[in-house]
Structure formats: C-alpha cells, structure tokens
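Engineer: The following comprises the amino acid sequence and a computationally predicted model.
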Amino acid sequence: MFQTAHIIWIIISLVLIVVGVILCRYLRPSMNRMLKVCLCIGIVSEVIKFFSVSQIVPFINETFVKPDGTFGYNYSGAYTPILEVEHLPFEMCSLQLFFMAICLLASSEKVKHFLYVMMFATGIGGVIAIPLATLSVYYTDFADYMLSPRVWQFFLYHSMISVLSIYIGLSKETNIVFSDLKTAIIGAFAFDIPTFYLNGVLSEKVYVNDQLVGVTHRINFFSSYVNPVGLVLTEKWQWILYIAIRDVILVGLMTIMFVIFCKIIKKKY
C-alpha cells in the first residue's frame, strides 16, 4: 500500500490541506461561495473519475465450458461502454457532492445545518482515505501512479473535502456545536446501514444447485463488508466483531473532531 509514489501523494495531500485551510482562514469566503467552489471542483473530479474508470467491452452472446474445464466466450462483434458497480457515488466521500448541492438549494436552515454537520463530521473520511487509498493496488509503476488522472482526481478530491470539513468546523456561519455530535452519529449510521444490503445484493455471486458457494466480484461501499487493512475474516462472528470495532472507531473519531473544534479551538478563539 505504502509504495514510494503513494507516500509522495500523502505528503502532497497534507500540504494541500494545510495550505487550503490557511487560505480559507485568510480569505474567509462565505459558506455559499465555499460550497459552490467545492461543488465545481467535485463535479470536475467526478467527470474525470467517470471517464477514467469507464471501459469499452465486447458484447458476449453466451459462455461455454471448454474441454479443459475453463470458460470460453462467443462474441457478437458489438461493443459497449460499461461502468462497474463499485464506481457508483455511494461512498461517503462521493455523497459529499449531494450534500453540497442540496445545501446550496435548500431554504430550510435546519436542513442546511444538518448537512453542515454531516459534511464536517464525515470529512474525517477524506483524511483517512488518503493514507488508505485502495487504488494503490492497481498501480505498480511509479510513473503511472504519479501521472494517472485517476490518481490525481482521488487525492485532490479527498484533500478538497478535508479542507471543506475543517472550514465548516471553524466557521461561525455554520455554528457547529458539541451537541451536534449526536446528529452526526445518527446520520452516519443512517447512511451506513443501507450498504449492508447494497454490498450483498450487488456482489456477483456463484451458485451450484441453488446453493451459494462464493462470489466472483465483491462490492464494499463504506468498507462494511471487507476491512481496508486486509484482514481475512472467515467466520460471521469475526465480521460482526469487525463491524463493532469499526463503529466504535467511527464514533471515537467523530467525538475527537467535535472535542477539538467545539471544546478547544472555538472556546479558545
């Protein structure tokens, strides 16, 4: 995971986050302007991601088993663009785009405040995603990692939402207070729970005589099925334990964020 190119991108991202926060504190843009700028950056980022991960693949009429037991394919001669399921914008970092857009359109102050709370609290995911970037496994060549538009998009986007989260936490306009922690935790779990269904339904399963024997491609929104550090879980109780530990860490990180911003920084300044 931590090859040289990845470490360089981690350093670049941290520098961008620090510089971005300093600029925001100096320029003090309104939240409306900040959201507009971040939304524009996010849309450009998503477009780059979309065209980077889209593929042109052939139509397959049918599959058959070869004498050696492997599968063969009959191609129709036609081709189509395709996007794999895991690239849907269902990760919390991708959901930030919807949060920004709704916040800009909403007239209700309660709705806006809820979205500010969620963007602030879940912005920690942007910081975590930078060192735990799963796309690292797809690039073994240093030049590819450093120059790929997909890699640029990933690190710059997550740096941007980290800056936005910090600015929301510091801004008087958003009025984030410690009691909002409860809202943040409930909201995070509300977005998390559907992934237990989505990951199971969207993963490509293999059946033998109507019995599930495995999967050929798994989906892992919110890392609710497979842990990001690569631990192999073979029993259901291990998975449940992982979920419990994951949720405790989530609540703990959010609590630390609220303590730092609401109890220390805002109280001091």
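Structural biologist: Ah, there it is.

Engineer: Please enumerate the helices of the stretch 51-200 of the chain.
Structural biologist: All helices of the stretch 51-200 of the chain, identified by DSSP state H, counting those that start in this stretch, fall at 92-105, 109-122, 124-129, 142-147, 149-170, 180-202.

Engineer: now the angle from the last one to helix 109-122?
Structural biologist: Taking axes from the mean of the first three to the mean of the last three C-alpha atoms, to 10 degrees, one finds helix 180-202 and helix 109-122 inclined to each other by 70 degrees.

Engineer: what lines up beside the helix or strand just after helix 180-202 in the sheet?
Structural biologist: Using DSSP states H and E, the helix or strand that follows helix 180-202 towards the C-terminus is strand 204-208. With DSSP bridges as the test, strand 204-208 is paired with strand 211-217 (antiparallel).

Engineer: mean confidence score for the partner strand?
Structural biologist: Per-residue pLDDT over strand 211-217 has a mean of 90.

Engineer: Let's see the pLDDT reported for the residue nearest to Leu132 when sequence neighbours are not counted.
Structural biologist: Distance criterion C-beta to C-beta, 6 or more residues apart in numbering; nearest residue to Leu132, sequence neighbours excluded, is Pro228 at 5.0 Å. Quick note: C-beta positions are derived from backbone N, CA and C, even for glycine. Pro228 carries a pLDDT value of 80.

Engineer: measure Pro228 to Tyr167 for me?
Structural biologist: Computed as C-beta to C-beta, to the nearest Å, the Pro228 to Tyr167 distance reads 26 Å.

Engineer: Check Leu147 too.
Structural biologist: Relative to Tyr167, and taking C-beta to C-beta, Leu147 is found at 30 Å.

Engineer: Show me which of these two is the more surrounded one.
Structural biologist: Neighbour count, other C-beta atoms under 10 Å: between Leu147 and Tyr167, Tyr167 has more, with 24 against 12.

Engineer: Surely that one and Met34 touch.
Structural biologist: Yes - under the criterion of C-beta atoms under 8 Å, Tyr167 makes contact with Met34 at 6.2 Å.

Engineer: overlap in contacts of those two?
Structural biologist: Cys24 (C-beta atoms under 8 Å, 6 or more residues apart in numbering).

Engineer: what comes up buried for stretch 6-19?
Structural biologist: His6, Trp9, Ile12, Ser13, Leu16, Ile17 (16 or more other C-beta atoms under 10 Å).

Engineer: In these, which has the lowest confidence score?
Structural biologist: Least confident by pLDDT among those: that is His6, with 86.

Engineer: which SSE is that residue in?
Structural biologist: For His6, the host element (DSSP H and E) is helix 4-27.

Engineer: tell me what that helix is packed against?
Structural biologist: If you count contacts as 3 or more C-beta pairs under 8 Å, 6 or more residues apart in numbering; DSSP states H and E, helix 4-27 packs onto helix 142-147, helix 149-170.

Engineer: residues making contact with the first one?
Structural biologist: Taking C-beta under 8 Å, 6+ apart as the criterion, the residues outside helix 142-147 that touch it are Gln3, Thr4, Ala5, His6, Ile8, Trp9, Ser136, Tyr139, Val151.

Engineer: let's go with 6 Å and repeat that
Structural biologist: Residues outside helix 142-147 that contact it (C-beta atoms under 6 Å, 6 or more residues apart in numbering): Ala5, Tyr139, Val151.

Engineer: Grab the nearest non-local neighbour of Leu231.
Structural biologist: Using C-beta to C-beta, 6+ apart and skipping the chain neighbours, the partner closest in space to Leu231 is Tyr242 (7.5 Å).

Engineer: Return the helix or strand hosting the one you found as PDB; C-alpha atoms alone will do.
Structural biologist: Using DSSP H and E, Tyr242 falls within helix 236-258. Extracted C-alpha coordinates of helix 236-258, given in PDB (Å, rounded to 0.1, in the frame of the first residue of the first chain):
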ATOM      1  CA  LYS A 236     -19.600 -14.500  10.600                       C
ATOM      2  CA  TRP A 237     -18.700 -13.700  14.200                       C
ATOM      3  CA  GLN A 238     -15.400 -12.200  13.000                       C
ATOM      4  CA  TRP A 239     -17.300 -10.000  10.600                       C
ATOM      5  CA  ILE A 240     -19.700  -8.800  13.300                       C
ATOM      6  CA  LEU A 241     -16.800  -8.100  15.600                       C
ATOM      7  CA  TYR A 242     -15.100  -6.100  12.800                       C
ATOM      8  CA  ILE A 243     -18.300  -4.100  12.300                       C
ATOM      9  CA  ALA A 244     -18.500  -3.400  16.100                       C
ATOM     10  CA  ILE A 245     -14.800  -2.300  16.200                       C
ATOM     11  CA  ARG A 246     -15.300  -0.200  13.000                       C
ATOM     12  CA  ASP A 247     -18.400   1.600  14.500                       C
ATOM     13  CA  VAL A 248     -16.600   2.300  17.800                       C
ATOM     14  CA  ILE A 249     -13.600   3.800  15.900                       C
ATOM     15  CA  LEU A 250     -16.100   5.900  13.800                       C
ATOM     16  CA  VAL A 251     -17.800   7.300  16.900                       C
ATOM     17  CA  GLY A 252     -14.500   7.800  18.600                       C
ATOM     18  CA  LEU A 253     -13.000   9.800  15.600                       C
ATOM     19  CA  MET A 254     -16.200  11.900  15.400                       C
ATOM     20  CA  THR A 255     -16.100  12.600  19.100                       C
ATOM     21  CA  ILE A 256     -12.400  13.700  18.900                       C
ATOM     22  CA  MET A 257     -13.300  16.000  16.000                       C
ATOM     23  CA  PHE A 258     -16.100  17.700  17.900                       C
END
